[in-house]
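S.K.: Using only what follows, build the 3D model:
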Amino acid sequence: MSLATYIGTNIEIPLSDEDSEDLIIIGDCFSDDHNKINVRKFQFSTPYVYEVSSHWGIEILKYSKSKRNLESKNKLTELCKILDNYLEKGDYFELYSCWVGEEDEKRIGELTLKLNHFNVNEINIYEHTLVRFEKV
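M.R.: Residues are numbered from 1 along each chain as shown. Sure thing, here's the model as predicted:
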């Protein structure tokens, strides 16, 4: 199984180039249309859903110093920079990570953060947690 991360937005976001070697790629990696339909239906309040492919989902554990945790912090920081370019003041995006096929399972938590006004080293984002990033 693979840990996938999805974002939900109220506006369309362009997909990354297929040949991109960027840290964050907006486009399919592990999921299919069925997975995205389920995450929109069961988790998001937004009409547009994208997989954020980075060869592994984003999961951050506040006190972990593992390589995967550090990579997730870098990915989240980069994702926030990318979406900051598309969102207007008052807009938001949602983020949700889960194992592929578990998009319709119950959330274990929710978190709201102000886009670019949070410390990535002070948060926990577990799988099955909905995170809302609001642009202020």
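
S.K.: In the protein, where is pLDDT below threshold?
M.R.: Under the criterion of pLDDT under 70, the regions of the chain flagged as low confidence span 54.

S.K.: Point to the residue nearest the middle of it.
M.R.: Computing the C-alpha centroid of the chain and ranking residues by Cα atoms, centre = their mean puts residue 95 first, at 3.6 Å.

S.K.: Which of the helices or strands spans it?
M.R.: According to DSSP states H and E, residue 95 maps onto strand 92-99.

S.K.: Measure how far that strand is from the centre of its chain, please.
M.R.: For strand 92-99, the separation from the chain centroid amounts to 4 Å (computed by Cα atoms, centre = their mean, to the nearest Å).

S.K.: name the helices or strands packed onto that strand?
M.R.: Packed against strand 92-99 by the contact rule (3 or more Cβ pairs under 8 Å, 6 or more residues apart in numbering; DSSP states H and E) you find strand 3-9, helix 67-84, strand 129-134. Every C-beta, even on glycine, is put in place using the N, C-alpha and C of the backbone.

S.K.: what do you get if the cut-off is 10 Å, keeping everything else the same?
M.R.: Other helices and strands packing on strand 92-99, by 3 or more Cβ pairs under 10 Å, 6 or more residues apart in numbering; DSSP states H and E, are strand 3-9, helix 33-42, strand 48-53, helix 67-84, strand 109-114, strand 129-134.
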